[in-house]
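Engineer: Below: sequence and its predicted model.
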Amino acid sequence: MGCVHTDSIERVGPRPGVYALIVALASLEPLTHWGLPRIAGDGAAHSGLHTADSAIYLQCMRMFESGFFSPYATCHAPGGPNDHAFFPAPFHWLYGVVGAAGRGLGVDEFLFLGIVNGLGALAYLLAVYHFFRMVIAGRSHLAFVLFALTGGLGGVLFVLAGIAGLWDAPRFDVFFERFSMYELVEGPYLMPTLHAPRLYYTLSLACCFGAMSAFIRAIQGRCLRHEAWAGFLLLLGTLVNVRFGALTWAVIALYLACDSRRSARARLREAVTLAAPVVIGVLASWAAMSRNPAFAENTSVLVRESIWLTAFVSAAIFPVLLFPVAFRALLPSMASWQRVLAFSGLGYLAAFSLLFAAYQVYFGNFWNAGDAAAANRISDWALFGAVAGAGRGYIKRAAGTPVREVDASTVWMALWFLGCVAIGVSAFGQGWFIRLTPQRLMVFAAVPAAALSAYALEALAARRRRLARAAVVVMVGCGVVSIFVATLFFQAPSMREPGQGPFDRLHPEVISRADMDLMEGIESGVVLAPFLYSDILALRAGLRVLGGAGGADLSDRMSTEIQGDVDAFFAGSMQGENAEAFLRAWCVEYVFCPDARPVPAEARDLLDGMAVLSTVQRTGAGAVYRVGGS
């Protein structure tokens, strides 16, 4: 069937400046991977990692060459350490293909990972920009700049804390965590630069937003070709990241619900049709991941978390402040059911916020807000606010002139944003709900947040142009500072020596020369090491480890079954007989204690006093022990 081009969606031409911004942001990952091996200071060395999860990506990149060897396999693995079941997820195989391509091109694997991460970020940013150009027309350029560059309080506060000399203050990491966790640390948060180190995020998100653009164009232009392309992209996005595929379908279903120009039957048919690739992707991924039950359990248990309210407000302070401006302007255009849904979300969030504040006052919290515990306690009670809000929305009759039809998509985005935030902060059922990993909704909240901010700034500019321009400058300025801080201080050591704060636990990319020398003394065998060093040792040929970040994906045992005992061992809290039994139970041949990040004195005394251990090498506070009889 031929495609009918309509004017239902206004499209605008691209701007070279936006493309330059996209290329600049996508270049951060390749530059980081190129620079890390070259910027280690005196007495320091590059560990071979970028982030903790880099250990997983690099092991997957080696899977074909190594014969599916996993250094995280325990000595109790039924098939031994070489088993394709250790790489069960489709995204593991994605990295395997990347590794094979890098070897074929003769490029260093760490550098090639950075290059591919950059290409994934490029595809993701281009897909979002195209999506904005499709659905919000003349505001697309501003919306994309806000999406890419809007920051919060974290970056600026971190710089100010450094100027004030607070980085080395006791417990600075603890006090500053809420300002850094969603804005400066890589992961499933708001700013797209924080997704860049995760190819399985950026590639999946590129496919998902590409699918949304293609689907919207298909139903507006009655084009089966674009609809088929949307289904194919959604299938790929689901295979690479199951959660993102399912969330994309939910967002598209909301779009169809908001599209009042077409019959309910047609919209239902399209929603069901587009569900097919998601279902296929989910079933295929589930079948693949079921080959290693430990992986499925690990990835479920370790990411059970809702959005922390205080951290989210810090990172999204400007979209949160601008949302009422956009909502007030959009209210006259909302249908009755949309008002009910919107006010229900607002009522829930209002009740949640009030109860959260009361929780802090009752327990006397300030720096440590106890966000997770608070959400478990108050989420169910906040539902009364949702009911009250729904009633308010039902009786509300907004005055004003509805916005023009082409801006009706902004109503959809307002509901989309509210849904992500209201559901994301929740821990219904006294915490049961976090099994569904609602925190991941933050990734999908960034796009509507930027679109609504652009809409609010446009409305504000009609009355106070200078104020609107100043707001853009502040938002982008904070974002640039946050990207600078995140890139140089959180994803790179920025001249800090190994073991130095702040946030040293987030820096697996550098180790001391002394620790590198200690590692050189271990030629082969099963090594027990602290969490961060397990992943570094796992990169070395002939070594196997217990625990570490890679143990969550590439092991035959639950990470919670092993890592807790590993941590207790190096904390010195495990009794001598229990410590020896632990070493024997997991076939440990060597124990590694780092120099730059030394274990507590209690642990060193325990190790030195164990008859089963003999010292192979000692450097400063670091040592390598061999387990007798191994």
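Structural biologist: Looks like it came in fine. Here the structure is a predicted model, which is why all the values come from computation and not from measurement. Numbering: from 1, shown residues only.
Engineer: Residue 616 in helix, strand or coil?
Structural biologist: strand (DSSP: H, G, I helix; E, B strand; the rest coil).
Engineer: show me what contacts it?
Structural biologist: 521-522, 590, 623-626 (C-beta atoms under 8 Å, 6 or more residues apart in numbering). Using the backbone N, CA and C atoms, a C-beta is placed for each residue, glycine as well.
Engineer: what bits of the stretch 1-150 of the chain have low per-residue confidence?
Structural biologist: The model of the stretch 1-150 of the chain has pLDDT under 70 over residues 1-14, 40-41.
Engineer: Helices along the stretch 101-250 of the chain, start to end?
Structural biologist: With helices called from DSSP state H, counting those that start in this stretch, the stretch 101-250 of the chain shows them at 109-135, 140-149, 154-163, 172-180, 199-221, 224-240, 242-258.
Engineer: From residue 129, how far off is residue 119?
Structural biologist: In this view, residue 119 and residue 129 are 16 Å apart by C-beta to C-beta, to the nearest Å.
Engineer: Which secondary structure element of the protein has the lowest mean pLDDT?
Structural biologist: helix 293-301 (a mean of 82; mean pLDDT, DSSP states H and E).
Engineer: Give the residue farthest from the middle of this structure.
Structural biologist: Distance from the C-alpha centroid of the chain peaks at residue 611, with 44.4 Å (C-alpha atoms, centre = their mean).
Engineer: And what about it, helix, strand or coil?
Structural biologist: Per three-state DSSP, residue 611 ends up coil.
Engineer: do you know how far the closest residue to residue 84 other than its chain neighbours is from residue 148?
Structural biologist: Excluding the flanking residues, the one nearest residue 84 by C-beta to C-beta, 6 or more residues apart in numbering is residue 68, at 4.5 Å. With distances taken as C-beta to C-beta, residue 68 is found 38 Å from residue 148.
Engineer: Pick out whichever of the two has more residues nearby.
Structural biologist: Taking other C-beta atoms under 10 Å, residue 68 and residue 148 do not tie; residue 148 has more neighbours (23 against 19).
Engineer: residue contacts, that one?
Structural biologist: Counted by C-beta under 8 Å, 6+ apart, residue 148 has contacts 21-22, 25, 125, 191-193, 479.
Engineer: To residue 553, which of the helices of the stretch 101-250 of the chain lies closest?
Structural biologist: For the helices of the stretch 101-250 of the chain, the distance to residue 553 is smallest for helix 199-221, at 11.1 Å, taking C-beta to C-beta.
Engineer: Now do that closest one against helix 109-135, angle only.
Structural biologist: Helix 199-221 and helix 109-135 are oriented at 20 degrees to each other (axes from the mean of the first three to the mean of the last three C-alpha atoms, to 10 degrees).
Engineer: Give me the buried positions along helix 199-221.
Structural biologist: Neighbour counts over helix 199-221 (16 or more other C-beta atoms under 10 Å) mark 199-221 as buried.
Engineer: before we move on, back to that, when residue 119 and residue 129 are compared, which one has more neighbours?
Structural biologist: Using other C-beta under 10 Å as the criterion, residue 119 and residue 129 rank with residue 129 on top: 25 against 18.
Engineer: Make sure the more buried one is actually in contact with residue 140.
Structural biologist: Yes - assessed by C-beta atoms under 8 Å, residue 129 is found in contact with residue 140 at 7.3 Å.
Engineer: Please export the alpha-carbon coordinates of stretch 581-593; CSV is fine.
Structural biologist: Provided in CSV are the C-alpha atoms of stretch 581-593 (Å, rounded to 0.1, in the frame of the first residue of the first chain):
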residue,chain,number,x,y,z
ALA,A,581,35.8,-23.4,55.3
PHE,A,582,34.7,-20.6,53.0
LEU,A,583,38.0,-20.8,51.0
ARG,A,584,37.7,-24.6,50.7
ALA,A,585,34.0,-24.5,49.7
TRP,A,586,34.7,-22.3,46.7
CYS,A,587,38.1,-23.9,45.7
VAL,A,588,40.0,-20.7,46.3
GLU,A,589,43.7,-20.9,45.5
TYR,A,590,44.8,-17.3,46.1
VAL,A,591,43.7,-14.4,48.3
PHE,A,592,44.4,-10.9,47.0
CYS,A,593,44.6,-7.9,49.3
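Engineer: Mind listing residues that contact it?
Structural biologist: Stretch 581-593 is contacted from outside by 74-75, 518-519, 522, 525-530, 533, 537, 546, 562, 565, 569-570, 574, 599, 603-604, 607, 612-613, 616, 621-627, 630, using C-beta under 8 Å, 6+ apart.
Engineer: and the contacts of residue 616 as CSV, adding neighbour count and distance to residue 468?
Structural biologist: Shown next, in CSV, are those (neighbours: other C-beta atoms under 10 Å; distance: C-beta to C-beta, whole Å):
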residue, neighbour count, distance to residue 468
521, 13, 62
522, 20, 60
590, 24, 62
623, 22, 61
624, 21, 61
625, 23, 64
626, 19, 67
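Engineer: For residue 458, state which of these is nearest.
Structural biologist: For the contacts of residue 616, the nearest to residue 458 is residue 522 (61.1 Å; C-beta to C-beta).
Engineer: For residue 612, which non-adjacent residue is spatially closest?
Structural biologist: Looking at residue 612 with C-beta to C-beta, 6+ apart, the closest residue is residue 628, at 4.8 Å.
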